[in-house]
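**Q** Sequence first, predicted coordinates after that:
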Amino acid sequence: MDAASHPYRSVLYIPGSKDRALDKARSLPTDAIIFDLEDAVAPDAKAEARQTLAAALKEGGYGKRAKIVRINALTTAWGLEDVRVLGDAGADAILLPKVNTRSDVDNLADLLPADMPIWTMMETPVSVFNARDIAAHGRVTGLVTGTNDLTKDLGSRTRADRLPLMTALQMIVMAARAARIVAIDGVYNRFRDGEGLRAECEQGRDLGFDGKTLIHPAQIEGANIAFAPTSSEIDLARRQIEAFVASEASGQGVAVVDGMIVENLHVVAAKRLLARADAVTEMAVV
Ligand SMILES: CC(C)(COP(=O)(O)OP(=O)(O)OC[C@H]1O[C@@H](n2cnc3c(N)ncnc32)[C@H](O)[C@@H]1OP(=O)(O)O)[C@@H](O)C(=O)NCCC(=O)NCCSC(=O)C[C@H](O)C(=O)O
Ligand SMILES: [Mg+2]
């Protein structure tokens with residue numbers, strides 16, 4: 001499930017301990033779900049959450065939504081048992097938190113079935129420095145930004161413009177793009193502030209992220225809109241491709257659309273955008 005064939009506009013965290021939320025997610029219009037056993041689940045509830053989540057995955061009903069299980073770090077008291085119970089329970093990927101280096105990924109890969117993709121949380125300063133290496137690991141197919149942990153570790157302030165996180169956000173997107181894998185932005189904590197969410201989604205989209213992690217169903221629509229290609233982007237992409245094909249047929253390597261040049265590289269980007277639009281449309285088909 002790469003970003004070309006599956007949209008990741010909205011990626012909703014659901015605490016593995018919350019039966020009602022696990023059930024509700026079966027009808028939510030989210031592109032992907034992160035079933036969480038880590039920070040959303042209290043230590044005393046971890047063992048039960050593991051079983052609750054395994055049962056929910058076995059029951060199924062999540063349709064086309066990508067199913068990602070966030071386990072606890074392997075260095076914790078729960079990580080190994082999480083892998084044993086959920087490593088082969090029907091998820092599309094296992095998400096490893098607090099990753100620092102590529103060898104953290106190796107350690108998990110050794111414990112999982114060989115065809116189980118791994119996603120990594122990018123939420124420590126060390127992980128950001130090692131982002132390229134982590135993303136290039138053959139088993140890693142997605143990076144998820146953990147802006148809360150990053151803010152904690154950096155000792156930075158939470159600002160609406162996310163200036164203190166900008167270098168990290170860009171390094172994560174660059175690492176994901178270099179490795180051609182999925183890149184997901186961090187959460188917006190004020191989950192009842194639709195305006196603030198929209199602004200942060202727009203910023204994440206501008207930076208190149210495929211979508212945003214969310215903590216509440218009320219955030220899904222905003223993310224789905226912000227990360228989907230707009231109708232004017234789709235229209236422009238189609239016209240760029242048409243114009244370029246026509247100019248190539250007449251022996252030229254460059255076309256002009258809306259006063260802007262169109263070269264082969266713009267056609268590549270236009271085709272990618274149309275593929276994303278198709279993936280979004282396909283997601284809505286029941
Ligand atoms: C934030 C919440 C605790 C709020 O919960 P609640 O007060 O129950 O909200 P509502 O009453 O408005 O809920 C309305 C209905 O929606 C369901 N619901 C709520 N949240 C979810 C969800 N995430 N997924 C699915 N369904 C959800 C409720 O069950 C209600 O349903 P119904 O009764 O049928 O109407 C809560 O939203 C929550 O727990 N959110 C998830 C928090 C979480 O996962 N945190 C960890 C991930 S964030 C993180 O760790 C980031 C990263 O690591 C970093 O470092 O940045
Ligand atoms: Mg975190």
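**A** Yep, it's here. Numbering: from 1, shown residues only. Ligands and ions are numbered 1, 2, ... in the order given.
**Q** which residues sit in contact with Arg26?
**A** 61-63 (CB atoms under 8 Å, 6 or more residues apart in numbering). All C-beta atoms are positioned from the backbone trio N, CA, C, and that covers glycine.
**Q** Intersect those with the contacts of ligand 2.
**A** The subset of the contacts of Arg26 lying close to ligand 2, counting by CB under 5 Å from the ion, is empty.
**Q** Any quick ChimeraX command for the buried ones out of those?
**A** The buried subset of these, as determined by 16 or more other CB atoms under 10 Å, is captured in ChimeraX by this line:
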select :62
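**Q** Secondary structure for the contacts of Arg26 - can I get that in JSON lines?
**A** Output for the contacts of Arg26, formatted as JSON lines (DSSP: H, G, I helix; E, B strand; the rest coil):
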{"residue": "Gly61", "secondary structure": "coil"}
{"residue": "Tyr62", "secondary structure": "coil"}
{"residue": "Gly63", "secondary structure": "coil"}
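**Q** now, which of the contacts of Arg26 sits nearest ligand 2?
**A** Nearest to ligand 2 out of the contacts of Arg26 is Tyr62 (CB to the ion; 22.9 Å).
**Q** The closest one contacts Ser27, doesn't it?
**A** No: taking contacts as CB atoms under 8 Å, Tyr62 lies outside contact range of Ser27: 9.9 Å.
**Q** got the buried residues for the helix ranked longest in the chain?
**A** Across the chain, the longest stretch assigned as helix under DSSP state H is helix 264-284. Using 16+ other CB under 10 Å as the test for burial, helix 264-284 gives 266-267, 270, 273-274, 276-277, 279-280, 283.
**Q** Name the nearest of the residues you listed relative to ligand 1.
**A** Taking CB to the nearest ligand atom as the measure, ligand 1 lies nearest Met283 of the buried residues of helix 264-284, at 17.8 Å.
**Q** and the closest residue to that closest one other than its chain neighbours, how many residues sit next to it?
**A** Nearest residue to Met283 in three dimensions, chain neighbours excluded: Pro7, at 5.3 Å (CB to CB, 6 or more residues apart in numbering). Other residues lying near Pro7 total 27 when counted by other CB atoms under 10 Å.
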